[in-house]
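Enquirer: Just need the structure, nothing else, for what follows:
(one chain, ligands or ions: 1)
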Amino acid sequence: MTSYIDIYGAGLAGCEAAWQAVRRGVPVHLHEMKPQKTTPAHRYSGFAELVCSNSLRSNQIFNAIGLLKEELSRAKSLIMEAAYACEVPAGAALAVDRIRFSDYITEKIKTHPLITVIEEEVTSIPDDPDAVTVVATGPLTSDALSKAIAALTGSEYLHFYDAAAPIVSAESIDMEKVWMASRYDKGDAAYLNCPMTKEEYTAFYHALICAKEAALHEFDTPTDVDTSTDVDASNSTEKDGGLQVFEGCMPVEVMARRGPDTLLYGPLKPVGLTDPKTGREPYAVVQLRQENAEKSMYNLVGFQTHLTWEEQRRVFGMIPGLEHAEFLRYGVMHRNTFMNAPKLLSADYSLRTRPNLFFAGQMTGVEGYIESTGSGFIAGINASRRVLGEEPLYFPRETMLGAMAAYISDECITDFQPMNANFGLIPPLEKKVKGGKKGRNDAYAARAIEKIDEMIALGLCGEER
Ligand SMILES: Cc1cc2nc3c(=O)[nH]c(=O)nc-3n(C[C@H](O)[C@H](O)[C@H](O)COP(=O)(O)OP(=O)(O)OC[C@H]3O[C@@H](n4cnc5c(N)ncnc54)[C@H](O)[C@@H]3O)c2cc1C
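Expert: A predicted model of the protein is given here:
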């Protein structure tokens with residue numbers, strides 16, 4: 001076993017992993033390709049660069065991302081320390097001055113006596129199974145390293161492009177309007193079906209084809225990516241405002257623009273579905289598929305989309321049963337290198353087939369700045385435990401840190417897509433609480449904080465050295 005850790009990528013996850021390792025006295029060699037080489041989205045020379053928004057989202061503990069921040073802060077995360085030191089006013093959200101934020105972290109990392117920064121592009125994964133390594137090169141990992149990861153994990157397990165449908169919380173669906181059934185009643189009743197009349201479909205169709213799409217960046221197009229390892233480029237069919245799409249993951253709005261009937265033969269086809277209320281096949285049906293074993297989350301089947309979040313709320317809210325839907329994640333289509341983590345990783349973010357090799361950040365299928373930080377936090381702790389000859393540390397599922405780790409390593413998930421922090425990932429409360437959604441979320445947060453505090457009290461979240 002090596003006596004130090006190699007960490008690839010000085011982004012949010014890589015810096016957090018490095019910090020957690022040195023807090024345990026384990027030296028780190030941190031490899032970062034900036035400033036010699038940058039991804040299409042990175043511009044600044046410093047570490048932990050926020051490539052888009054400067055908001056780290058809600059800072060309220062009854063919000064899932066707020067809870068994740070609180071857990072990380074209590075456990076002495078470097079990224080959270082920097083965020084509070086560089087905070088700018090943003091109401092209930094935590095936003096930062098991105099330059100000061102990056103400079104703060106860069107300074108802490110570069111001046112730490114146990115961290116050696118190596119400015120280079122990493123192009124391969126070490127063969128030595130004893131080398132303790134954390135790969136945290138992000139959603140825009142350079143091509144050479146992407147190829148090396150694909151060769152190691154199997155190319156079918158590395159995706160370069162994220163085309164995900166929205167996910168809504170089960171409790172926000174109007175169950176009076178939908179019914180549970182599979183097409184032709186084959187097998188278990190597996191889908192929630194949202195029936196549409198002709199009038200409802202026509203109104204929805206017109207709203208969909210005119211809805212506003214998210215801005216497209218150069219790095220959003222899959223055309224500059226070597227997709228040969230996971231997508232058959234010959235399937236690419238359509239250029240829509242510069243977004244080259246693939247038949248298998250075409251945005252629902254692009255499909256709709258082919259004509260009013262296209263969706264009726266595609267994701268909204270009603271055949272084999274009889275509405276028990278009318279005894280008839282509806283004009284159109286949107287199907288919702290269970291996302292997790294607890295049945296707390298459902299995805300909109302075939303609804304991968306490039307619409308703005310606001311438009312997703314407006315247009316998909318026209319679907320009967322989804323008028324008040326709570327979106328746990330919005331549909332997205334953008335460049336994103338991520339692994340099929342449930343097939344590959346354990347809940348300590350190590351590769352199941354090679355436990356000394358860890359992955360962290362957005363590439364593990366967590367989605368967002370703080371979620372990436374959280375995975376770096378766990379990977380950094382566990383990589384240092386490897387070097388110190390200690391057993392892996394798994395975070396309790398009741399915490400947002402543990403819930404995300406459990407999600408990305410859940411072998412039961414067959415159609416894996418990256419995920420934001422949300423309360424749908426957390427096991428249900430032992431007993432019902434008053435106060436509606438806010439009361440429930442407060443109770444989730446209180447339970448999570450108690451668990452984290454127990455770990456801190458036991459010294460499991462690290463000591464200053
Ligand atoms: C364009 C874009 C916009 C986003 N906007 C948001 C947003 O607004 N809010 C949000 O919450 N999330 C956003 N995300 C998602 C995600 O939260 C960020 O990408 C986040 O920075 C991921 O953290 P990370 O540590 O995994 O990767 P990064 O922060 O990207 O860090 C990876 C680091 O690895 C380096 N690197 C890459 N390849 C190599 C190599 N071969 N050798 C050495 N170094 C390498 C890079 O230079 C970089 O410094 C966005 C993602 C993208 C792609």
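Enquirer: Residue numbers of the stretch 101-250 of the chain in contact with the ligand?
Expert: Contact residues (Cβ under 6 Å from any ligand atom) of the stretch 101-250 of the chain with the ligand: Glu121, Val122, Ala136, Thr137, Gly138, Pro139, Leu140, Thr141, Ser142, Leu145, Phe219. C-beta: built from backbone N, CA, C; applies to glycine.
Enquirer: Any stretches of the chain with poor pLDDT?
Expert: 216-249, 462-465 (pLDDT under 70).
Enquirer: Domain-wise, how is it divided?
Expert: Domain assignment for the chain, taken from automatic domain parsing, gives 5-161+336-457, 167-330.
Enquirer: Could you dump these into JSON lines with mean neighbour count added?
Expert: Shown next, in JSON lines, are the domains of the chain (neighbours: other Cβ atoms under 10 Å):
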{"stretch": "domain 5-161+336-457", "mean neighbour count": "20"}
{"stretch": "domain 167-330", "mean neighbour count": "17"}
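Enquirer: coming back round to it: can you pick out the ones from the residues of the stretch 101-250 of the chain next to the ligand that are in helices?
Expert: Mapping those onto helices (DSSP state H) picks out Leu145.
Enquirer: which two in the residues of the stretch 101-250 of the chain next to the ligand are spaced the farthest apart?
Expert: The largest separation in these, counting by Cβ to Cβ, is between Val122 and Phe219 at 19.8 Å.
Enquirer: Got phi/psi on the closest residue to Pro282 other than its chain neighbours?
Expert: Using Cβ to Cβ, 6 or more residues apart in numbering and skipping the chain neighbours, the partner closest in space to Pro282 is Pro195 (3.6 Å). With angles defined as degrees, to the nearest 10, Pro195 shows backbone torsions of phi -80, psi 140.
Enquirer: Excluding chain neighbours, what is closest to whichever residue of the stretch 1-150 of the chain sits closest to the ligand?
Expert: Sorted by distance to the ligand under Cβ to the nearest ligand atom, the residues of the stretch 1-150 of the chain start with Gly11, at 1.8 Å. Excluding the flanking residues, the one nearest Gly11 by Cβ to Cβ, 6+ apart is Gly138, at 4.9 Å.
Enquirer: ok, that neighbour - contacts?
Expert: Shown in contact with Gly138 (Cβ atoms under 8 Å, 6 or more residues apart in numbering): Gly9, Gly11, Ala13, Thr39, Thr337, Gly361, Gln362, Met363, Ser372.
Enquirer: In helices only, show me those.
Expert: Members of the contacts of Gly138 lying in helices (criterion: DSSP H): Ala13, Ser372.
Enquirer: Quickly name whichever of the contacts of Gly138 is closest to Pro113.
Expert: Checking the contacts of Gly138 one by one against Pro113 (Cβ to Cβ), the nearest turns out to be Gly9, at 21.4 Å.
Enquirer: now that closest one: how far from Arg313?
Expert: Separation of Gly9 from Arg313 (Cβ to Cβ, to the nearest Å) stands at 34 Å.
Enquirer: could I get the host helix or strand of Lys147 in PDB with only the CA atoms?
Expert: Lys147 belongs to helix 143-153 when assigned by DSSP states H and E. Provided in PDB are the C-alpha atoms of helix 143-153 (Å, rounded to 0.1, in the frame of the first residue of the first chain):
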ATOM      1  CA  ASP A 143     -10.500  12.800 -23.400                       C
ATOM      2  CA  ALA A 144      -7.400  10.700 -22.700                       C
ATOM      3  CA  LEU A 145      -8.300  10.000 -19.100                       C
ATOM      4  CA  SER A 146     -12.000   9.400 -20.100                       C
ATOM      5  CA  LYS A 147     -10.700   6.700 -22.500                       C
ATOM      6  CA  ALA A 148      -8.600   5.100 -19.700                       C
ATOM      7  CA  ILE A 149     -11.500   5.100 -17.300                       C
ATOM      8  CA  ALA A 150     -13.800   3.500 -20.000                       C
ATOM      9  CA  ALA A 151     -11.100   0.900 -20.700                       C
ATOM     10  CA  LEU A 152     -11.000   0.000 -17.000                       C
ATOM     11  CA  THR A 153     -14.700   0.000 -16.200                       C
END
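Enquirer: Now tell me what touches that helix from outside.
Expert: With contacts defined as Cβ under 8 Å, 6+ apart, helix 143-153 is touched by 8, 121-125, 135, 137, 141, 157-158, 160, 225-226, 229-230, 337, 339, 344, 351.
Enquirer: Apply 10 Å and report the result again.
Expert: Identification of contacts with helix 143-153 by Cβ atoms under 10 Å, 6 or more residues apart in numbering yields 8-9, 33, 121-125, 135, 137, 140-142, 155-160, 224-226, 228-230, 337, 339-341, 343-345, 351, 353-354, 357, 359, 363.
Enquirer: a strand runs through Thr133, doesn't it?
Expert: Yes. Under DSSP: H, G, I helix; E, B strand; the rest coil, Thr133 sits within a strand.
Enquirer: residue contacts, it?
Expert: The contact partners of Thr133, by Cβ under 10 Å, 6+ apart, come to 2, 5-8, 29, 31, 122, 125-126, 351, 354, 356-359, 383, 386.
Enquirer: Same question for Gln362.
Expert: By Cβ under 10 Å, 6+ apart, Gln362 lies in contact with 11-13, 136-141, 162, 336-338, 368-369, 371-372, 375, 418.
Enquirer: repeat for Ala256
Expert: Shown in contact with Ala256 (Cβ under 10 Å, 6+ apart): 204-209, 211, 250, 262-263, 266-268.
Enquirer: From Met419, how far out is the spatially most central residue of the chain?
Expert: Centroid-nearest residue in the chain: Glu367, 2.4 Å away (criterion: Cα atoms, centre = their mean). Distance of Glu367 to Met419, computed by Cβ to Cβ: 6 Å.
Enquirer: anything in contact with each of those two?
Expert: Ala164, Arg329, Met404.
Enquirer: Secondary structure added to the residues you listed, as TSV?
Expert: Output for these, formatted as TSV (three-state DSSP):
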residue	secondary structure
Ala164	strand
Arg329	strand
Met404	helix
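Enquirer: quick one: which of those is nearest to Trp179?
Expert: Among the shared contacts of Glu367 and Met419, Arg329 lies closest to Trp179 (Cβ to Cβ), at 24.5 Å.
Enquirer: Which residue, other than its chain neighbours, is closest to that closest one?
Expert: Distance criterion Cβ to Cβ, 6+ apart; nearest residue to Arg329, sequence neighbours excluded, is Ile167 at 4.7 Å.
Enquirer: Hmm, Val332 and that neighbour touching each other?
Expert: No. Counting by Cβ atoms under 10 Å, Ile167 does not reach Val332; the two are 11.1 Å apart.
Enquirer: Now the common contact residues for these two.
Expert: Each of Gln417 lies in contact with both Ile167 and Val332 under the rule Cβ under 10 Å, 6+ apart.
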